[in-house]
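> Quick one, fold the following:
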Amino acid sequence: MPKKKTNVKKKVIVNSPTKVFIQKKADKCCSSWIWYVLGILILLAALFFLYKGMTGNVVTGQATTTTDAFKPIVEMVSGLISNVYDVVKAPLEFIVGDTSAVGKMDSSGIFFAKVLLLLLILSITSSILLTSGIDFLKEGWTHWVVSGVVAVLSIRYLTADLINTILMPYTTFGVVISAAIPFILYFFFVEKSLGTPKSPAIRRTAWIFFAVVFLAIWVMRQGISDSSNVIIVTIYPLTAILAFVMAIMDGTVQGFFNRARISRSKEHVRGKNLVFYYDQLNECNDQWKNAVQRGNPDSYHARIISVGAATGINAYNADIKELQKRITAASK
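You can find the predicted model right below:
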């Protein structure tokens, strides 16, 4: 007698939607917690500097454009900011350690720099632990404890001299970016807006004008004796020299842009050809597959290359070989 089939249902353990939802929300909150703290601290820092600016102009009695009607509001806001700053300053100073002044940087500058470096190290450490592959360092309180301890130990025992040294690359980065942005914007304005082949004289004139303006500013700034501005002042003649080089090498720059446009056009044509060849290859494969399934391979006729009256497998192989040759040639 045939055996009677019985349906055996396997027990499958499925997490409830509520549990999954709570777990996802918890993971999301843990991952975004550091960014909330970062945003709050940056806001407090901005409010602190705003407070310093307002109290320096209003409270000390210096001449300002603020009317007496707004003076109570300004004093109220500045008082609120001062109270918030006093509340968060004590615990943060305990965490970041010594904030004594060094050189021309006062204690508030050292304190602000150490707080930002603390947040930077905390964020980087947290990201490294999340991608470390070690489970107990990726989730739960262990992740934040390790990240916080590493960040605090990295900052608390840094002296003011070391903080001043650490800030030098960031200052250099800011100066370079700030000085490069106007040049880059002017470069694209001249080379793109005035980039027609019949306007080399206009482009050269624009670069020379740019260089002359920078040299004029440099001459006007020669009276500055502050050593901190020496590097900044030297940027003007270097930028002027670069502008003169751009005026001389106008043909080379335009040739570069022309070659780039030609290369993009070739890539576009090559891409269209490859798509066309691969479509033909798929059509050949589909036609051959249908012919074989019908039991009549000889019903396949050459589609790509003329092979006389050849049909069947010979025509199919000839088509595939020719298409592969065209694809290889178009890919180079």
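
> which regions of the stretch 201-332 of the chain lie under the pLDDT threshold?
For the stretch 201-332 of the chain, the stretches flagged by pLDDT under 70 are 221-233, 305-309.

> please redo it, this time with the cut-off set to 50
Applying pLDDT under 50 to the stretch 201-332 of the chain flags residues 227-228.

> the strands in it, which residues?
Counting by DSSP state E, counting those that start in this stretch, the stretch 201-332 of the chain has no strands at all.

> now the helices: where do they sit in it?
Using DSSP state H, counting those that start in this stretch, the helices of the stretch 201-332 of the chain run over 230-248, 250-293, 312-331.

> tell me the phi and psi of residue 181?
When read as degrees, to the nearest 10, the backbone of residue 181 gives phi -60, psi -50.

> Tell me the confidence at it?
In this model, residue 181 is scored at 84, pLDDT.

> And residue 75, by the same measure?
At residue 75, the model reports a pLDDT of 73.

> That one: how many residues sit nearby?
Neighbour count for residue 75, taken as other CB atoms under 10 Å: 14. (Each C-beta comes from the backbone N, C-alpha and C, glycine too.)

> May I see the buried residues of the host helix or strand of it?
According to DSSP states H and E, residue 75 maps onto helix 71-96. Under the neighbour-count criterion of 16 or more other CB atoms under 10 Å, helix 71-96 has 74, 78, 81, 85, 89, 92, 96 buried.

> which residues touch the helix or strand following that helix?
Sequence-wise, the next helix or strand downstream of helix 71-96 (DSSP H and E) is helix 107-130. By CB atoms under 8 Å, 6 or more residues apart in numbering, the list of residues contacting helix 107-130 from outside reads 31, 34, 37-38, 41, 45, 89, 92-93, 95-97, 99-102, 105, 137-138, 143-144, 146-148, 150-152, 154-155, 158, 160, 163-164, 166-167.

> Helix 107-130: what's the following helix or strand?
Per DSSP H and E, the helix or strand that comes after helix 107-130 is helix 140-156.

> angle of that next one against helix 71-96?
Going by axes from the mean of the first three to the mean of the last three CA atoms, to 10 degrees, helix 140-156 is angled at 100 degrees with respect to helix 71-96.

> what's the angle between helix 140-156 and helix 107-130?
Interaxial angle, helix 140-156 versus helix 107-130 (the same axes, to 10 degrees): 140 degrees.

> Could you pull out the buried residues of helix 140-156?
Applying 16+ other CB under 10 Å to helix 140-156 flags 143, 147-148, 150-152, 155 as buried.

> how about the CA coordinates for it, as CSV?
C-alpha atoms of helix 140-156 as CSV (Å, rounded to 0.1, in the frame of the first residue of the first chain):
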residue,chain,number,x,y,z
GLY,A,140,25.5,48.7,23.3
TRP,A,141,27.1,50.7,26.0
THR,A,142,30.5,49.2,25.3
HIS,A,143,30.8,51.0,22.0
TRP,A,144,30.1,54.4,23.6
VAL,A,145,32.3,53.8,26.7
VAL,A,146,35.3,52.8,24.6
SER,A,147,34.8,55.7,22.1
GLY,A,148,34.4,58.2,25.0
VAL,A,149,37.4,56.9,26.9
VAL,A,150,39.7,57.0,23.9
ALA,A,151,38.5,60.6,23.0
VAL,A,152,38.9,61.9,26.5
LEU,A,153,42.4,60.3,27.0
SER,A,154,43.4,61.7,23.6
ILE,A,155,42.6,65.3,24.5
ARG,A,156,42.8,65.7,28.3
